[in-house]
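# Predicted model and sequence below, questions to follow.
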Amino acid sequence: MGALAVDGPDMDHETLASRRPRQLTAIQCALIVGAIAVAVLTRRTDHWDLWPLLVITAFAVVSELRSMLATVEDAAVSGSSLAIALTVVLLGGAPAAVLSVLVLVVGWRHSREPGWAFRGNLVSFAWFPLLTGLAFHALVSATGAGIGDPGYYLLVFGAALIALGLNLLGTATTYRVGHRGSSISATIIAMVRPVLSAELFSALLTVVAAFAAIHLHLAGLIIVAVFLAVCQYLLVELFTSQQRSEKLKRLATTDELTGLGNRVEFHRAIEQRIIAAERAGAGFPVLLMDLDRFKEINDTLGHAYGDRMLRELGPRLAAAAGEGGVVARLGGDEFGILLGDELDAALSLEPAVNRLLAAVSEPFAVDELSLEVGASVGAARFPHDGEDAGALLRCADIAMYAAKEAQSGLKLYTAEQNQHSMRRLSVLSDIRRALAADEIVVHYQPIVDLDDRRVTGAEGLVRWAHPEHGLIPPGAFVQTVEQSGLIGPLTRHVLEDAIAQCAGWRRDGREMSVAVNLSVRNLLDRDLPREIGQMLDSHRVPASALQLEITESMIMSDPDRAIATVGRLSDLGVRLSVDDFGTGYSSLANLRRLPIDELKIDRSFVSPMLHDESDLIIVRSTINLGHDLGLRIIAEGVEDGPTLERLALLGCDLAQGYHLSRPMDAGAFNRWLADTPRDVPAAPVAVALPHPRPLPAGWTTTTSGMIVAAPEL
């Protein structure tokens, strides 16, 4: 309940306020002068009773200061119309106009509207009480209603409504002066709709206040003013409490960063979709999406960049999900999606998911940077894969991890994925135990200098000495571990063992080095360079005796990030090698910028090079390229003497492979070294390794992370 005023709108172009400001000012000033003239001419109808006017004014000012501003088409509801209408009835139009202008000035502290808008409000607030007073006086005279008669109070109610109508007309006219588009009538309708009930109640309270003032005089007026002030205070507190409650409810179901629903809201949306699907006898998919490479952006550029990407991604996904779709941020870079279309079959699901993936893959422009991410989506179908929200989310989560491992974009849930997920959890649980029980061991494969055929170093290769399943190769567990937080402890364990072994070799007078593989997640570990430095210092091993191998795909997928991270490792003095060179998508320009020392040619080119001319060309070109860049070349996968000799003729620097020796545990490797004279070329040695024990059903040695057969180690 309150008088309405235009609350500082930014005026549109091509309006009277912008085209003819001087003419508008002149008109407004003339109307203000006219209001003053009318007040003077009608002074005989007014009653300037000081104490009633002071009581009503005090109530109006306090009410204005305590008012809650609501915005409707840039109009602020102030909460003082009751005081103005009551002044019209008891004292006349001119006193009411003075009070109205005072209320406007007090309210200006909230709005700070521009000059033309303030003058427009001044015109409205001066004229509508004056005109209401004249109308009320005329109606009372015409009807002959006496003060205190029932008809008189009906006229009081009518006067309050007339004040509301004139106030709306003046405010809408002022609004129309500074805005294009809506007509005055449309603006009035838009303004009155949300406040009509409050204004009608205010008119009824005006009748009550008039009754109290007429029968109880000043005391009644004071009682009414105090009562209304207390009521307003309680209403303000009630509305404030409601706003807090709504905000808390919104926070409980909304992701604050993106404005999307959160996990609680998504769970509720699934349950509602289930109810609708059961009634219709239909099904629907639940999608879980996880972003790829998002963590790298957060770690490289900071969380502010990642947050801005997520805020932009939310509307993209909502648009791609279709009308009636639901998109929620479940946490981090994971999103839950219910499609707007009624899709169930895989054939119809794929186009919808492609729209989502296309929305994700579109570059994000953040501070003149073009950032790109990918996504993996898992889908579970109701009722095929689950009949409640919890089961559907669990199945979609399993399918999403399967899609991420396969890098396929989309995977539908299958029972086999669930079995693999359970085994995956078992592997992770066992790895934690294995690290604590020292079951993770390092085997060493010698690296030989092709100039003099002497052993110059060894590569440390991780193995799992499982108490039940025997020696498990890295392909069976490393990929699973890389997707968890255990890759850091595993790498540190291997580094500690390898550096300790290297220290022992050097104490025995062998100036050997040791090579250790790093993973993508290791490059994201900011503490790794410092920890490696501490390990080297602890074992008194020079940094140049440690060689860190990084796969080509790790470097080329994000060259700028690699240059920064690898640079910190290089600053320690360790040597850096690009492992499996030739299997990724290389950029020679980026390769030249990296502080690497060696290239390792992948076995897929080395092993068949004597029988495949194209592989031989690749090996020869890589050797020449590496030497031109000032790098040493290592060939892995050397499995026979002719290949070794041909590599030497091509100018390859170093070699390793089964022809020289298979990987051995530390004890066997040290015995092999002891049997190899330091000044005599190393001879090929066959190493007898313990045969692995039978493995449980369901395990594989593929990149999926399971073991079905124990390969020769």
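Done, it's in.

# element containing the residue nearest the centre of the chain, please.
By C-alpha atoms, centre = their mean, the chain has its centre lying nearest to Leu310, at 3.4 Å. Leu310 belongs to helix 303-321 when elements are defined using DSSP states H and E.

# What of Phe201?
According to DSSP H and E, Phe201 maps onto helix 196-253.

# And for Ala391?
Following DSSP H and E, one finds Ala391 within helix 389-406.

# That helix - contacts with which helices or strands?
If you count contacts as 3 or more C-beta pairs under 8 Å, 6 or more residues apart in numbering; DSSP states H and E, helix 389-406 packs onto helix 263-280, strand 284-292, strand 374-382, strand 410-412, helix 415-437. Every residue, glycine included, has its C-beta placed from N, CA and C.

# Dump the ones you listed into CSV; add mean pLDDT as well.
As requested, the helices and strands packed on helix 389-406 are arranged in CSV below (pLDDT from 0 to 100):
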stretch, mean pLDDT
helix 263-280, 91
strand 284-292, 92
strand 374-382, 91
strand 410-412, 89
helix 415-437, 66
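
# export these to JSON lines and tack on distance to Gly302?
Formatted as JSON lines, those follow (distance: least, C-beta to C-beta, whole Å):
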{"stretch": "helix 263-280", "distance to Gly302": "25"}
{"stretch": "strand 284-292", "distance to Gly302": "16"}
{"stretch": "strand 374-382", "distance to Gly302": "21"}
{"stretch": "strand 410-412", "distance to Gly302": "31"}
{"stretch": "helix 415-437", "distance to Gly302": "29"}
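
# Any chance of TSV for those, columns distance to Glu531 and mean neighbour count?
Formatted as TSV, the helices and strands packed on helix 389-406 follow (distance: least, C-beta to C-beta, whole Å; neighbours: other C-beta atoms under 10 Å):
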stretch	distance to Glu531	mean neighbour count
helix 263-280	35	16
strand 284-292	27	24
strand 374-382	31	24
strand 410-412	36	22
helix 415-437	16	16
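
# re earlier: by contact count, what packs against the helix holding Phe201?
helix 50-65, helix 81-90, helix 150-178, helix 263-280.

# surely Asp653 meets Thr622?
No - using C-beta atoms under 8 Å, Asp653 is not in contact with Thr622, being 11.9 Å away.

# Spit out the contact partners of the residue nearest to the centre of the chain.
In this structure, Leu310 makes contact with 257-258, 329, 333, judged by C-beta atoms under 8 Å, 6 or more residues apart in numbering.

# What of Ala635?
Ala635 is in contact with 600-601, 606, 619, 647, 652, 654-657, counting by C-beta under 8 Å, 6+ apart.

# Pretty sure it sits in a strand.
Yes - secondary structure of Ala635, determined by DSSP: H, G, I helix; E, B strand; the rest coil: located in a strand.

# Dig out what it forms beta bridges with.
Ile601, Ala655 (DSSP bridges).

# ok, now how distant is it from Asp602?
Distance, Ala635 to Asp602, using C-beta to C-beta, to the nearest Å: 9 Å.

# repeat for Glu549
12 Å.

# Over to Thr622?
Counting by C-beta to C-beta - Thr622 and Asp602 are separated by 9 Å.

# cool, and Lys249?
From Lys249 to Asp602 the distance is 57 Å (C-beta to C-beta).

# quick one: which of those two has more around it?
Set Lys249 next to Asp602 and count neighbours by other C-beta atoms under 10 Å: Asp602 wins out with 21 against 10.

# before we move on, back to that, for the helices and strands packed on helix 389-406, which one sits closest to Pro663?
Closest to Pro663 of these is helix 415-437 (C-beta to C-beta; 18.4 Å).

# What's the first helix or strand after the closest one?
As assigned by DSSP H and E, the chain's next helix or strand after helix 415-437 is strand 440-449.

# which residues touch Gly533?
543, 572.

# rerun at 6 Å
Applying C-beta atoms under 6 Å, 6 or more residues apart in numbering to Gly533 gives the contacts Leu572.

# separation between it and Ala319?
Taken as C-beta to C-beta, the span from Gly533 to Ala319 is 49 Å.

# Okay, now the unreliable bits of the stretch 501-650 of the chain?
For the stretch 501-650 of the chain, the stretches with pLDDT under 70 are 524, 552-562, 580-593.

# just the helices in it please.
Taking DSSP state H, counting those that start in this stretch to define them, one finds helices in the stretch 501-650 of the chain at 520-523, 528-539, 552-557, 559-571, 588-593, 603-606, 613-628, 641-650.

# Give me the angle between the helix or strand hosting Val103 and helix 81-90.
Val103 is part of helix 93-111, with elements assigned from DSSP H and E. Compare the direction of helix 93-111 with that of helix 81-90 by axes from the mean of the first three to the mean of the last three C-alpha atoms, to 10 degrees and you get 170 degrees.

# pull the CA atoms of helix 93-111 into PDB?
In PDB, the C-alpha atoms belonging to helix 93-111 read as follows (Å, rounded to 0.1, in the frame of the first residue of the first chain):
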ATOM      1  CA  GLY A  93      -6.300  19.000  -0.800                       C
ATOM      2  CA  ALA A  94      -3.600  21.600  -0.200                       C
ATOM      3  CA  PRO A  95      -2.300  20.100   3.100                       C
ATOM      4  CA  ALA A  96      -2.400  16.700   1.400                       C
ATOM      5  CA  ALA A  97      -0.400  18.000  -1.500                       C
ATOM      6  CA  VAL A  98       2.300  19.400   0.800                       C
ATOM      7  CA  LEU A  99       2.500  16.100   2.600                       C
ATOM      8  CA  SER A 100       2.600  14.300  -0.700                       C
ATOM      9  CA  VAL A 101       5.600  16.400  -1.900                       C
ATOM     10  CA  LEU A 102       7.400  15.900   1.400                       C
ATOM     11  CA  VAL A 103       6.900  12.100   1.000                       C
ATOM     12  CA  LEU A 104       8.300  12.300  -2.500                       C
ATOM     13  CA  VAL A 105      11.400  14.200  -1.200                       C
ATOM     14  CA  VAL A 106      12.000  11.600   1.500                       C
ATOM     15  CA  GLY A 107      11.600   8.800  -1.000                       C
ATOM     16  CA  TRP A 108      14.100  10.500  -3.400                       C
ATOM     17  CA  ARG A 109      16.900   9.200  -1.200                       C
ATOM     18  CA  HIS A 110      16.100   5.700  -2.500                       C
ATOM     19  CA  SER A 111      15.600   6.500  -6.200                       C
END
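
# That one packs against which elements?
helix 50-65, helix 81-90, helix 115-143 (3 or more C-beta pairs under 6 Å, 6 or more residues apart in numbering; DSSP states H and E).

# most packed of the ones you listed?
The highest mean neighbour count among those, using mean count of other C-beta atoms under 10 Å, belongs to helix 81-90: a mean of 28.

# And the average pLDDT for it is what?
Mean pLDDT, helix 81-90: 89.

# That helix packs against which elements?
Helices and strands touching helix 81-90, by 3+ C-beta pairs under 6 Å, 6+ apart, are helix 50-65, helix 93-111, helix 115-143, helix 150-178, helix 196-253.

# For these, give me TSV that also has distance to Ser614 and mean pLDDT.
Below are these laid out as TSV (distance: least, C-beta to C-beta, whole Å; pLDDT from 0 to 100):
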stretch	distance to Ser614	mean pLDDT
helix 50-65	86	86
helix 93-111	78	84
helix 115-143	79	88
helix 150-178	76	83
helix 196-253	60	81
